[in-house]
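**Q** Any chance you can model this:
(one chain, ligands or ions: 2)
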Amino acid sequence: MPTIAEQAKALHERTVAVRRDLHRHPEVAFEEHRTMAVIVARLRELGLEPREGVGGTGVVAVFDTGRPGPTVLARADMDALPVAEEKSVEYRSTVPGKMHACGHDGHVAVLLSVAEIIIARAAQLAGRVVFVFQPAEEVVRGAQAMLADGALDGIAVDHVIGLHLSSNDPLGTVAVREGPAMAATDSFKLVVTGRGGHAAYPHACIDPIVAGAQLVMALQTLVSRETDPVDQSVLSITSFHGGTAYNIIPEEVELKGTLRTFDAATRTRLRARVLEVAEGTVKTLRCTLRSEWFEGTQAVVNDAASVARFRDVAARVVGEAGVRLQAPIMGGDDMALWLAQARGCYFFVGTNSGPDTAWAHHHSRFDVDERGLEIAVNLLASGVADLMSGD
Ligand SMILES: [Zn+2]
Ligand SMILES: [Zn+2]
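**A** Ligands and ions are numbered 1, 2, ... in the order given. This is a model prediction of the structure:
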């Protein structure tokens with residue numbers, strides 16, 4: 001039997017071909033129909049019986065070694081972004097205004113190669129793998145949709161594992177962190193209503209712009225004055241709209257913002273305080289408030305023992321020096337919902353080898369050094385195989 005590294009190498013051309021095919025044909029959240037067809041065809045080729053259309057465009061396939069052992073869930077997200085690609089590479093997007101600018105094309109390609117490797121090694125493994133291909137990560141709705149559609153009905157998961165390619169990390173490195181690794185993401189809308197009128201007669205109006213301005217400033221104290229500085233949180237007001245002319249006080253202004261937290265209790269407390277402070281501030285200035293809260297995903301929390309175990313596996317793949325401590329990320333990922341099913345580990349695989357692959361995720365020039373795909377296949381297959389080699 002070849003080693004996993006040898007299998008990953010042998011499959012590399014195919015991994016790259018799948019990634020480039022998906023890169024040429026990006027599909028955004030819940031529209032991943034072609035992507036789903038590519039996944040389903042390959043899983044069938046591997047002898048699996050995938051369940052398709054889970055939560056819209058998701059795919060679940062179970063591979064059972066036939067020997068009793070743990071059930072390992074491995075997840076890849078599938079969606080692209082509404083970004084117009086500005087690279088001139090041969091495999092650039094053929095769809096105007098859409099692009100795989102986060103690397104999810106690579107995630108799908110990697111997990112398909114991992115499935116092939118695990119199936120080929122079945123005689124040495126015990127238990128089952130649940131391969132999850134998830135739509136709509138970028139809107140943090142896909143995992144929820146799949147779970148609500150019974151993605152795991154009748155499946156008791158023991159371990160969860162997954163990866164994200166990363167232009168923040170050098171090629172040949174892995175970054176992973178135990179405990180909270182990515183933030184919970186919530187967003188909100190606050191509409192401040194006053195009474196509009198002539199700008200020269202403010203006393204006859206109730207000015208929602210001044211109330212809104214005070215509200216922005218008041219909200220700044222929730223993190224800076226009420227939250228433990230070592231408990232990372234951020235609250236940003238990202239939109240402030242109101243008014244039409246130089247000489248009219250408008251009837252209302254609308255503010256939008258986002259709250260990012262790691263600790264579940266902090267998340268609950270800050271949500272309540274945002275609404276309290278908003279109510280109080282606008283009331284002081286004689287305005288009224290309408291609010292809407294959009295609950296995003298919970299924090300990505302890695303189990304310490306799972307991370308320790310994965311670090312040993314990763315050190316064998318990229319060397320001790322290549323395994324780095326991931327800094328907490330204020331961005332969110334609905335991998336959190338899969339990790340909430342069982343203990344697990346979500347890790348970042350470096351794909352940055354220079355200027356062409358250093359662009360930030362979601363940038364119109366984002367790209368990965370495809371050598372990182374082979375490393376990612378090796379890491380994920382090794383991680384899954386390790387979990388299936390006896391507990
Ligand atoms: Zn993204
Ligand atoms: Zn992503």
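
**Q** how far is stretch 383-391 from where the chain is centred?
**A** 25 Å (Cα atoms, centre = their mean, to the nearest Å).

**Q** Same check on stretch 269-277?
**A** A distance of 25 Å separates the centroid of the chain from that of stretch 269-277, by Cα atoms, centre = their mean.

**Q** For stretch 222-240, which outside residues touch it?
**A** Contacts to stretch 222-240, defined as Cβ atoms under 8 Å, 6 or more residues apart in numbering, come from residues 183, 212, 216, 219-220, 253-263, 266, 270, 273-274, 277, 328, 330. In short, each C-beta sits where N, CA and C put it, glycine included.

**Q** Next, check the residues you listed against the strands and list the overlap.
**A** Of the contacts of stretch 222-240, the ones assigned to strands by DSSP state E are Val253, Glu254, Leu255, Lys256, Gly257, Thr258, Leu259, Arg260, Thr261.

**Q** What is the neighbour count of Ser187?
**A** Ser187 has 16 neighbours, counted by other Cβ atoms under 10 Å.

**Q** Please apply the same query to the one 3 residues further on.
**A** Residue neighbour count, defined by other Cβ under 10 Å, stands at 26 for Leu190.

**Q** thinking again about what came up before, need the ones in strands among the contacts of stretch 222-240 in JSON lines (columns: neighbour count).
**A** Supplementary listing: the ones in strands among the contacts of stretch 222-240 in JSON lines, determined by neighbours: other Cβ atoms under 10 Å:
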{"residue": "Val253", "neighbour count": "24"}
{"residue": "Glu254", "neighbour count": "16"}
{"residue": "Leu255", "neighbour count": "22"}
{"residue": "Lys256", "neighbour count": "17"}
{"residue": "Gly257", "neighbour count": "18"}
{"residue": "Thr258", "neighbour count": "19"}
{"residue": "Leu259", "neighbour count": "25"}
{"residue": "Arg260", "neighbour count": "24"}
{"residue": "Thr261", "neighbour count": "28"}
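
**Q** Closest one to Tyr201 out of those residues, please.
**A** Val253 (18.7 Å; Cβ to Cβ).

**Q** thinking the closest one is in contact with Lys189, fair?
**A** No - the pair Val253 and Lys189 fails to qualify as a contact (Cβ atoms under 8 Å) at a distance of 11.3 Å.

**Q** pLDDT wise, what is Asp391 at?
**A** According to the per-residue confidence, Asp391 scores 51 in pLDDT.

**Q** ranges for the strands of the stretch 101-250 of the chain?
**A** Taking DSSP state E, counting those that start in this stretch to define them, one finds strands in the stretch 101-250 of the chain at 128-134, 159-170, 174-176, 179-182, 184-193, 197-198, 233-242, 248-249.

**Q** if we compare the ones you listed, which one ends up closest to Val317?
**A** When the strands of the stretch 101-250 of the chain are compared for distance to Val317 using Cβ to Cβ, the nearest one is strand 174-176, at 7.7 Å.

**Q** Does that closest one pack against any helices or strands, and if so which?
**A** Helices and strands touching strand 174-176, by 3 or more Cβ pairs under 8 Å, 6 or more residues apart in numbering; DSSP states H and E, are strand 159-170, helix 304-318, strand 323-325, strand 343-352.

**Q** Let me know the angle separating the last one from strand 159-170.
**A** By that I understand strand 343-352. Orientation of strand 343-352 against strand 159-170 (axes from the mean of the first three to the mean of the last three Cα atoms, to 10 degrees) gives an angle of 20 degrees.

**Q** any idea which helix or strand comes after strand 343-352?
**A** Counting by DSSP states H and E, the element after strand 343-352 in chain order, helix or strand, is helix 371-387.

**Q** Please name every helix or strand in contact with that next one.
**A** In terms of contacts (3+ Cβ pairs under 8 Å, 6+ apart), helix 371-387 is packed against helix 4-10, helix 12-24, strand 71-77, helix 104-120, strand 159-170, helix 304-318, strand 343-352.

**Q** among these, which is nearest Val40?
**A** Closest of those to Val40 is helix 104-120, at 10.6 Å (criterion: Cβ to Cβ).

**Q** burial count for the nearest residue to Val349 once chain neighbours are set aside?
**A** The shortest distance from Val349 to any non-neighbouring residue, by Cβ to Cβ, 6 or more residues apart in numbering, is to Ala376 (4.4 Å). A count of nearby residues for Ala376, using other Cβ under 10 Å, gives 32.

**Q** for Ala376, what are its contacts?
**A** Here Ala376 is in contact with Gly106, Val110, Leu163, Leu165, Val349 (criterion: Cβ under 8 Å, 6+ apart).

**Q** just those now: which is nearest Pro50?
**A** When those are compared for distance to Pro50 (Cβ to Cβ), Val110 comes out closest, at 16.9 Å.
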